[in-house]
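**Student:** need coordinates for the following:
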Amino acid sequence: MKKIIKNGLLIDGNGGTPVDGLVVVIDENKIIYVGQEANYSLTGEEQIIDAQGGAILPGLIDTHVHMMMEFSPIADRLATPFSFMYYQAAKYLKTTLHAGITSVRDALGTDLGVKKAVEDGLISGPRLQLSINALTITGGHGDGYTVSGNTMDILPSDYPGMPNGKCDGVEEVRKKAREMLRAGAEVIKVHATGGVLSATDHPEFTQFSLEELKAIVEEGEFRKGVKVMAHAQGAEGIKNAVKAGIHSIEHGIFLDDEAIELMKENGTYLVPTLLAPVAVLETAEETGMPATAVQKSKEVIEQHKASIAKAYKAGVKIAMGTDAGVMKHGTNLRELGLMTEAGMTPMEAIVASTKTASECLGWQNELGTIEEGKLADIIIVGKNPLEDIYSLANNDTVKVVVKNGQIEKNIL
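**Tutor:** Purely as a prediction, here's the structure:
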């Protein structure tokens, strides 16, 4: 049965002036018509979805999530059976979808079985693009080694379908990239610098040489252009990543003028994840965040905002991403408010979460805008987000979620 969405303000994801009074017609999983209702011939058998004066948007896209985790105290992780994380992930996936996020790029920790479970309809969740696991150096961000001599990774790895990501030297990184691709990676994730959550490094520390990063990019190119995303926070590591041909920079805390210019020249995407350090500070006590992570978040939070603001003003391509999993899933859309605080307009934040995000994932021909021929990923929100972008942070504001033509949430 065809579906018709009507009686709403259409914000189509292209960044143009919103239009009132248009209808969107869905046939199976595709958008087949966007325009005046008078110009479309109704049969009377269509399912009507009345937006009730709300706003109609493309399904939003989060380009940096971790669907298999929400940060928790070490004692809780040690007391939790391995398989339990899959049942938790089913909840996280549904929560994310109901928040209005219909597609995500998973930046570490989700294996091919989870993607298959969503695609086959066993569980409800957003469309997934997988990195499987991140490549990291010994002793770097992503190496769970602690000074006690024990290893405590945030997520389990080195089990069937989830290769361990540690590697050193050009030949090892080539092999490890190939292992991730073999396991189903659709994008390769690499830690090009230290990070906030890792205990034995700092965000400004550089990880992997330029030659190692180039080898990773080359392995992706051998697979018909599989892109590489880089956790990169320090300026030197960011510049190495861009020079190596990496597709997107995640976090970008210590961007300098040279790094920004390189990103512009190479068309590199920036995924800010402004919410991540904010959430670390907000939830530190509840989640058992290590003291090192709290201290580093305090050190970087203002610098992070300033770097993203500078990159935005310079014209770097920005795609919305949150690092959800560091914070609770379903809180993703707080990121749009933070993006406006960095200088973006509400419309620019929406475009970054739709059209630009789809381009970052290479899915722009199918997703990201409400246009004829594209997949029917559409949400209806009860308030005009251009007037109150912060309203999106409340999941109850998202009234309807349509993914791939199917109604996944309807609280109108």
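**Student:** using PDB, write down the CA coordinates of the helix or strand harbouring Leu128.
**Tutor:** For Leu128, the element it lies in under DSSP states H and E is strand 127-130. What follows is strand 127-130 as a C-alpha-only set of coordinates in PDB (Å, rounded to 0.1, in the frame of the first residue of the first chain):
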ATOM      1  CA  ARG A 127      20.700   1.200   8.600                       C
ATOM      2  CA  LEU A 128      24.300   0.300   9.500                       C
ATOM      3  CA  GLN A 129      27.700   0.900   7.900                       C
ATOM      4  CA  LEU A 130      30.300  -1.100   9.700                       C
END
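**Student:** any idea how far the helix or strand just after it is from the chain center?
**Tutor:** Using DSSP H and E, the helix or strand that directly follows strand 127-130 along the chain is strand 134-135. Remark: strand 134-135 is offset 16 Å from the chain centroid, using CA atoms, centre = their mean, to the nearest Å.
**Student:** elements contacting strand 134-135?
**Tutor:** When contacts are defined as 3 or more CB pairs under 8 Å, 6 or more residues apart in numbering; DSSP states H and E, strand 134-135 packs onto helix 170-182, strand 188-191. Backbone N, C-alpha and C define where each C-beta goes, glycine included.
**Student:** could these go into a markdown table alongside mean neighbour count, mean pLDDT and distance to Leu22?
**Tutor:** Converted to a markdown table, these look like this (neighbours: other CB atoms under 10 Å; pLDDT from 0 to 100; distance: least, CB to CB, whole Å):
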| stretch | mean neighbour count | mean pLDDT | distance to Leu22 |
| --- | --- | --- | --- |
| helix 170-182 | 18 | 98 | 42 |
| strand 188-191 | 28 | 98 | 39 |
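**Student:** now render these as TSV, adding distance to Lys296.
**Tutor:** Below are the helices and strands packed on strand 134-135 laid out as TSV (distance: least, CB to CB, whole Å):
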stretch	distance to Lys296
helix 170-182	26
strand 188-191	15
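**Student:** Lys91: which of those is closest?
**Tutor:** Lys91 lies closest to strand 188-191 among the helices and strands packed on strand 134-135, at 23.5 Å (CB to CB).
**Student:** what sits up against that closest one?
**Tutor:** 107-108, 131-137, 140-142, 177, 180-181, 207-208, 213, 216, 219-220, 226-231, 241, 246 (CB atoms under 8 Å, 6 or more residues apart in numbering).
**Student:** quick one: Lys166 from Gly139, how far?
**Tutor:** 9 Å (CB to CB, to the nearest Å).
**Student:** out of the helices and strands packed on strand 134-135, the one nearest Pro18 is which?
**Tutor:** strand 188-191 (35.4 Å).
**Student:** chain center to that closest one, what's the gap?
**Tutor:** On CA atoms, centre = their mean, the centre of strand 188-191 falls 14 Å from that of its chain.
**Student:** so what does the top helix by length along the chain touch, helix or strand wise?
**Tutor:** Taking DSSP state H as the criterion, the chain has its longest helix at helix 291-314. On a contact count with 3+ CB pairs under 8 Å, 6+ apart, helix 291-314 meets helix 257-266, helix 275-287, strand 317-318, helix 334-341.
**Student:** of these, which is nearest Asp388?
**Tutor:** helix 334-341 (9.3 Å).
**Student:** need the helices for this protein, in chain order.
**Tutor:** So, for the chain - with DSSP H - the helices run 74-78, 84-98, 112-119, 170-182, 210-222, 235-243, 257-266, 275-287, 291-314, 334-341, 346-352, 355-361.
**Student:** wait, which of the ones you listed is closest to Val398?
**Tutor:** helix 84-98 (7.0 Å).
**Student:** off-centre distance for that closest one?
**Tutor:** 15 Å.
**Student:** show me the shaky parts of the stretch 151-300 of the chain.
**Tutor:** Applying pLDDT under 70 to the stretch 151-300 of the chain flags no residue at all.
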